[in-house]
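Colleague: Quick one: sequence plus predicted model below, questions after.
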Amino acid sequence: MKLAMLGEAWRAMGANRMRTVLTMLGMVIGVGAVVLMMSIGQGAQYAIQQSISSMGSNLFILLSGHTSTGGVRSAAGEAHSLTVADAEAIAELPGVQSVAPIHPGNAQIVYGSYNWNTSVIGSTPAYLEARSWPVVAGSSFTQSDVRSATRVALIGQTAAQNLFGDENPVGHTIRIRQSPFTVLGVLGTKGQGMDGRDQDDTILIPLTTAQRNVFGTPFPGTVRMIMVQTATQEIMPVVEKSMTELLRQRHRTREGMDADFSLRNLTAVADSAAESTRVMSLLLGAIASVSLLVGGIGIMNIMLVSVTERTREIGIRMSIGAREGDILLQFLLEAVIISVVGSSAGLLLGIGGALLAQAMTGTMVIISGSSILVAFGVAATVGIFFGFYPAKKAARLDPIEALRYQ
Amino acid sequence: MSDAVIRIEGLSKSYQTSAGLFPALKDVNLVIEKGEFVAIMGPSGSGKSTFMNILGCLDAPTLGSYTLDGRAVASLDSDELAGLRNRTIGFVFQGFNLLPRMSLRDNVALPLIYAGIALAERQKRAHEMLARVGLDAKALSLPNQISGGQQQRVAIARALVSHPRLLLADEPTGNLDSHTSIEIMKLFEALNAEGITIVLVTHETDIAQHAQRQVHFYDGSIISDQATPVRGTA
């Protein structure tokens, strides 16, 4: 019985193919848009989450203040106001998990006949801990390397690729600004950072080596920045306050005077980025849903036309024994078939579009089962919802009036 | 009395129009026994179409009672009425009323869908009925590929497919030429001879001659009810 009704609905749709296809197109575009937008939105969200977790969690960055000489103000970090001793003092604060003083720079690296310019970071083993950055080959340098300023280096994936190709860098000697360094280990892949820079294009050396041998510093013991990781995210505001107080005290900053350092909450920045992507993808989804709604209204419109056109047919069916429920079911099935077939096509279109977008622009897309389910569920609901009124109208027709209809 | 297919007592039907209440049928009484072939006659506006709609359970009377095949129609809900139209009554219309996009076989099988009969059985019975009206060879044609007389025979096959006790025909020859009309009427006579009760609405006296009994309507009332004096060619 139900199967026979399905056949009846299918037959009616086949009778006006062009119209059926055009009505379906509304659903195709609606569902396609929803799937595409959700895929791109979720991809963006995932990318942000990746770069957040690659950055490390619960991080503060302390930057040295800027100098001001005769009205010329230099960049933050130039004032050499932060010291290694500051870092050690911060490490004593409650809630602080690891502290890494950092002295960054850029240098030309040479290995054999290859050379490569990359960022060289002078820091301590705590840096790897704070950024949860594993050493995938060889081993890390230790605190004693930092104390004795040995010439050892850890190399990032991109730098390793450019200097060594497929060769294993561990144990080889590279030259950083003419000084020979032994490569102790290779760092794991981090990918793109929040600012879009390749985090793997880097070389990590002991802080003291960077200060004394590579970049030099006019004020021994000072650092450009300090990375601080707290134990939990909840404790971050407390640590921020105690750290600021500690540093003002240590730097003898008087009440009302500007601090000679600046503090950035990287996690907060990352969170707001994640939040904005989330809102963005929600917005995209909402806009796409509007087209789904428009598709649904299209179905209702066509079904109403169809009911009017087929008034006589409905009358005939009633006169030979169709119950109201039979007529209702027939027209409802038509609407549901249109929306389900349309959404299936839209699904393929959306997935295809998402994959195409990924191939063409390199944007990460994620086609999740949940977004497919949502699009499909909404489409079926739209079909039933917008098909119900016309179907009810058909079922309520007076058979005598319907039979008289020309 | 127990064999009455149709028993109508004190039946009236009024329509609300802009000019006030219009009485289409006034206090009609009629009993039709099993196996009768009755022609309902009368000029247009005499109420015979309204009467047919009520007989066919498409319309409900304002007053009076209608008992079809032993069941009081007024007490039935719309699904039960649909069931009566499906199994107890077969309709034949002036305009044939076949569904244009369906093959003849599917048209004939259509009532069986609503009776909940499986596909194979539906097609078997549709072929049987088409064979009965001499059109099984064209079972897969569409209605617009055959003549008017053939379409009416398909419509009769459709009306008969669920083995109804009562065949209601509303001007079945109205759209046909006289030669084809006679063929259709012969078919009705043959069906009647097999025991099917037939009620036929017509305004043509020579068509009415094929029936055994003629009921004349005028202005909403039955003015005469008599046996056909000389029955057609039979």
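Modeller: The structure has been received and is ready for your questions.

Colleague: Show me which residues of the stretch 1-150 of chain A sit near chain B.
Modeller: Residues of the stretch 1-150 of chain A lying close to chain B (C-beta under 8 Å from any C-beta of the partner chain) are A:1, A:3-5, A:8, A:11, A:15. From N, CA and C alone the C-beta is placed, and that goes for glycine too.

Colleague: Looking at these, which gets the smallest pLDDT?
Modeller: The lowest pLDDT within the residues of the stretch 1-150 of chain A next to chain B belongs to residue A:1, which sits at 56.

Colleague: Quick check: which helices or strands does the top strand by length along chain A pack against?
Modeller: Criterion DSSP state E: the longest strand present in chain A is strand A:96-111. Using 3 or more C-beta pairs under 8 Å, 6 or more residues apart in numbering or on different chains; DSSP states H and E as the contact test, the elements touching strand A:96-111 are helix A:84-91, strand A:114-123, helix A:125-130, helix A:157-164, strand A:173-176, helix A:207-209, strand A:222-223, strand A:225-230.

Colleague: and residue B:202, which of the ones you listed is closest to it?
Modeller: helix A:157-164 (95.0 Å; C-beta to C-beta).

Colleague: in the closest one, what counts as buried?
Modeller: Of the residues in helix A:157-164, A:157-160, A:162-164 count as buried by neighbour count, 16 or more other C-beta atoms under 10 Å in any protein chain shown.

Colleague: Check stretch A:254-261 too.
Modeller: Those would be A:260-261, for stretch A:254-261 by 16+ other C-beta under 10 Å.

Colleague: to the chain's geometric centre, what's the distance from it?
Modeller: Averaging C-alpha positions (C-alpha atoms, centre = their mean, to the nearest Å) puts stretch A:254-261 38 Å from its chain's average.

Colleague: before we move on, what SS does the residue of chain B found nearest chain A have?
Modeller: Using C-beta to the nearest C-beta, the single residue of chain B nearest to chain A is residue B:86, 2.3 Å away. Under DSSP: H, G, I helix; E, B strand; the rest coil, the three-state class of residue B:86 is helix.

Colleague: Who are the contact partners of it?
Modeller: A:320-322, B:111, B:114-115, B:162 (C-beta atoms under 8 Å, 6 or more residues apart in numbering or on different chains).

Colleague: Then residue A:234?
Modeller: No contacts exist for residue A:234 under C-beta under 8 Å, 6+ apart.

Colleague: picking that back up, who wins for most neighbours among the residues of the stretch 1-150 of chain A next to chain B?
Modeller: Neighbours here mean other C-beta atoms under 10 Å in any protein chain shown. Within these, the largest count is held by residue A:8, at 24 neighbours.

Colleague: Count the residues that sit near the nearest residue to that residue once chain neighbours are set aside.
Modeller: What sits nearest to residue A:8 in space, not counting adjacent residues and going by C-beta to C-beta, 6 or more residues apart in numbering or on different chains, is residue A:330, at 5.2 Å. Residue A:330: 26 surrounding residues under other C-beta under 10 Å.

Colleague: just curious, which of the contacts of residue B:86 is nearest to residue A:262?
Modeller: Of the contacts of residue B:86, the one sitting nearest to residue A:262 (C-beta to C-beta) turns out to be residue A:322, at 78.6 Å.

Colleague: where does that closest one land in three-state SS?
Modeller: Residue A:322 is classified as coil under three-state DSSP.

Colleague: Distance of the residue lying closest to it once chain neighbours are set aside relative to residue B:40?
Modeller: Using C-beta to C-beta, 6+ apart and skipping the chain neighbours, the partner closest in space to residue A:322 is residue B:114 (5.1 Å). Residue B:114 is 27 Å from residue B:40, where distance means C-beta to C-beta, to the nearest Å.

Colleague: more neighbours, those two?
Modeller: residue B:40 (28 against 24).

Colleague: Give me the phi and psi angles of the more buried one.
Modeller: Main-chain torsions, residue B:40, degrees, to the nearest 10: phi -100, psi 120.

Colleague: now do residue A:199
Modeller: Given degrees, to the nearest 10, the pair of backbone angles that residue A:199 has is phi -70, psi -20.

Colleague: okay, now it: neighbour count?
Modeller: As a measure of burial, residue A:199 has 22 neighbours, counting by other C-beta under 10 Å.

Colleague: who are the neighbours in contact with it?
Modeller: A:54, A:156, A:190-193.

Colleague: mind checking pLDDT for the residue lying closest to residue B:35 once chain neighbours are set aside?
Modeller: Excluding its sequence neighbours, the residue lying closest to residue B:35 (C-beta to C-beta, 6+ apart) is residue B:195, at 5.5 Å. At residue B:195, the pLDDT value in this model is 91.

Colleague: So residue B:195 sits against residue B:36, correct?
Modeller: No - assessed by C-beta atoms under 8 Å, residue B:195 is found out of contact with residue B:36, at 10.6 Å.

Colleague: Those two: who's more crowded?
Modeller: Neighbour count, other C-beta under 10 Å: between residue B:195 and residue B:36, residue B:36 has more, with 20 against 9.

Colleague: Partner strands of the longest strand of chain A and their direction?
Modeller: Paired strands of strand A:96-111, with direction, are strand A:114-123 (antiparallel), strand A:173-176 (antiparallel), strand A:225-230 (antiparallel) (DSSP bridges).

Colleague: Might you report the residue contacts of the residue of the stretch 251-400 of chain A found nearest chain B?
Modeller: As assessed by C-beta to the nearest C-beta, chain B sits closest to residue A:321 within the stretch 251-400 of chain A, at 2.3 Å. Applying C-beta under 8 Å, 6+ apart to residue A:321 gives the contacts B:82-83, B:85-87, B:111, B:114-115, B:162.

Colleague: Looking at these, which two lie furthest apart in space?
Modeller: Most distant of the contacts of residue A:321, by C-beta to C-beta, are B:82 and B:162, 12.2 Å apart.

Colleague: For residue A:214, give me the pLDDT.
Modeller: 81.

Colleague: Then residue B:35?
Modeller: Residue B:35 is assigned a pLDDT of 92 by the prediction.

Colleague: For residue A:371, which non-adjacent residue is spatially closest?
Modeller: Residue A:371 sits nearest to residue A:38 (C-beta to C-beta, 6+ apart), 3.9 Å away.
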